[in-house]
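J.: what's the 3D shape of this:
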Amino acid sequence: MKKAVNLLPPTEQHELRLAAVHAQVVGFGTWLVASFLVLSLFLFLGQIFLKIEQETVSDQVSAESEDLEKLHVDDFRAEVAGFNTNLGNFQTLLKENHAWSQVLQEIARLLPTQITLDGIAIDGSNLKVELNGRAGSRDAVLLLRQNLLQSPYFQKVNFPLDNLENAADLKWSYRFYIRPQALAQ
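T.: Have a look, this model is predicted:
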């Protein structure tokens, strides 16, 4: 920097220095105010942008929450409906199970030792029972028929001649009906 020679009187030199300092302070103040205004403008615009973004996100969250709530409610309703159906089926089965349990216990009690039960079919609409299986002897098959005839639970026991074809190791089948009063007990 070159030094300028100033031939002005000292008071004017002092005023010139003060004017230079004043110009620097005004320039600095102007830059400071301008910077503050620009920063304020950016902050204001940022705040507006964030507010708009927040509203958009809030709307999306609300929409997703409603969808999720509907989904949970629909799933819950379907689950409750399924549970109610199962409960109704269970109650029906429980009522009927008691009666059928007695019938099955009576059949098990009547089976002779040489009899093997392979299948049982019970038609609840007409109370028809069909039994089939294997036996060690013809006498065991005849004893089973006799037991069924004497039981207070069963009636109309058929007498298929196929059950008597072989004397030993034979397949057998019977069809009979449950007495309605036996189920009422």
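
J.: quick one: average confidence on the helix or strand where Lys70 lies?
T.: Following DSSP states H and E, one finds Lys70 within helix 10-110. What helix 10-110 shows for mean pLDDT is 85.

J.: what about the residue positioned nearest the centre of the chain, distance to Asn86?
T.: Closest to where the C-alpha atoms of the chain average out (C-alpha atoms, centre = their mean) is Glu79, at 6.5 Å. Distance from Glu79 to Asn86, counting by C-beta to C-beta, to the nearest Å: 11 Å. (C-beta placed from N, C-alpha, C; glycine too.)

J.: residue contacts, Phe154?
T.: By C-beta atoms under 8 Å, 6 or more residues apart in numbering, Phe154 lies in contact with 106, 129, 148, 176-179, 182.

J.: repeat that for 6 Å
T.: Shown in contact with Phe154 (C-beta atoms under 6 Å, 6 or more residues apart in numbering): 148, 176.

J.: For beta bridges, what are the partners of it?
T.: With DSSP bridges as the criterion, Phe154 is bridged to Ile178.

J.: Do you know the pLDDT at it?
T.: Residue-level pLDDT assigned to Phe154 equals 83.
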